[in-house]
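Visitor: from the sequence below, what's the structure:
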Amino acid sequence: MSKSSAAPESSPEYTISALEAGLQVLALVGQFPELKLPQLAAQAGMTRSKVYRILQTLARLGYVWFDEEHAVRLGSASLVLGQQAREQYSLTQAAKPMLDRLADETGENIHLVVREGQHSLVVDVRTSPHPVRMFARVGRIGPLHAGGSSKVLLAYAPREVQGAILARPLERFTDGTITDAAALERTLRRIREDGAHVAISDLEEDTFSVAAPIFDGQGQVVASVSIAGPLMRLGPQTQARYLDLIREAGRELSEQFGFSAGSAP
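Guide: Model (predicted):
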């Protein structure tokens, strides 16, 4: 929780120059698929040897490949990444009016979160105007066993994902973090029964998160939406109101993605 909206991660001292150079070259490959090493180096303003090492690294990871004429093209990993970006973009576009409405009605942070493997990923945020608020930013990666949105995503995740999380030691972030697998499993079952979850100080001290799932037309959870803020602003009446708001938001967004009661697997 912070009294400042400044994000230290945006400072130059937190950037990685090698990664920045690699992404610059990857972007150039996307823009100019016919270019070969000398032209890419010229476009990037880097030496040929540096660009060659970058391309070899990207090729090993599947992000680029060399055709028979030695031109560099985007690889399968870039295709997958692009597809994921399109999916998340369409999700954020569809959810935008609802996120704006929740932010206006609550004055708290509003988070749109998806599951990426065994972690959660924040894909959109509305930041509270209050001077005391939770820190939040798009791109923030979190655990699945702590936090309102994260636990909702875990509750509806495939069995193999749940099994992997429950089988390993659960990291403690606060005194409120559930670190016992059996207790976490019971919590996940309650989330599925209730269709929403209230997390209290389990990821950050003195905070709350009220979250609900968003389903697609196949009955799969594609994201979760949450209202989050400092615990000092959450009384019993406010909590009940936020639960009503977040459940309704989850229902409306699910309907936009083609979900109906009969879609659940």
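Visitor: please point out which parts of the lowest-mean-pLDDT helix or strand in the chain sit buried.
Guide: None of the helices or strands of the chain scores lower by mean pLDDT, DSSP states H and E than helix 76-106, at a mean of 87. By 16 or more other Cβ atoms under 10 Å, the buried positions in helix 76-106 come out as 78, 88, 91-92, 95, 98-99, 102-103, 106. Placement of C-beta: from N, CA and C, glycine included.
Visitor: ok, stretch 119-129 next?
Guide: Residues of stretch 119-129 classed as buried by neighbour count (16+ other Cβ under 10 Å): 120-128.
Visitor: for stretch 44-60, same thing?
Guide: Neighbour counts over stretch 44-60 (16+ other Cβ under 10 Å) mark 44, 46, 51, 53-55, 58 as buried.
Visitor: equivalent analysis for stretch 173-191, please.
Guide: Within stretch 173-191, the residues scored as buried using 16+ other Cβ under 10 Å are 173, 176-178, 184, 187-188, 191.
Visitor: swap in stretch 138-148?
Guide: For stretch 138-148, the neighbour count (16+ other Cβ under 10 Å) marks 140, 142-148 as buried.
Visitor: distance from the chain centre to the next helix or strand along the chain from the least confident helix or strand of the chain, please.
Guide: Moving toward the C-terminus from helix 76-106, the first helix or strand encountered (DSSP states H and E) is strand 109-116. Between the centre of strand 109-116 and the centre of its chain there are 5 Å (Cα atoms, centre = their mean, to the nearest Å).
Visitor: which one of the buried residues of stretch 119-129 is nearest Ala196?
Guide: Proximity of those to Ala196 (Cβ to Cβ) peaks at Ser120, which lies at 16.4 Å.
Visitor: if we can go back for a sec, of the buried residues of stretch 119-129, which belong to strands?
Guide: Counting by DSSP state E, the members of these that fall within strands are 120-126.
Visitor: quick one: the residue of the chain most remote from its centre and Gln43, what's the gap?
Guide: Here the chain reaches farthest from its C-alpha mean at Glu69, the gap being 38.9 Å by Cα atoms, centre = their mean. To Gln43, Glu69 is 18 Å away according to Cβ to Cβ, to the nearest Å.
Visitor: same question for Gln83.
Guide: With distances taken as Cβ to Cβ, Gln83 is found 26 Å from Gln43.
Visitor: Val210 reaches Tyr242, doesn't it?
Guide: Yes: using Cβ atoms under 8 Å, Val210 is in contact with Tyr242, at 4.3 Å.
Visitor: any idea which element Trp65 lies in?
Guide: Per DSSP H and E, Trp65 falls inside strand 64-66.
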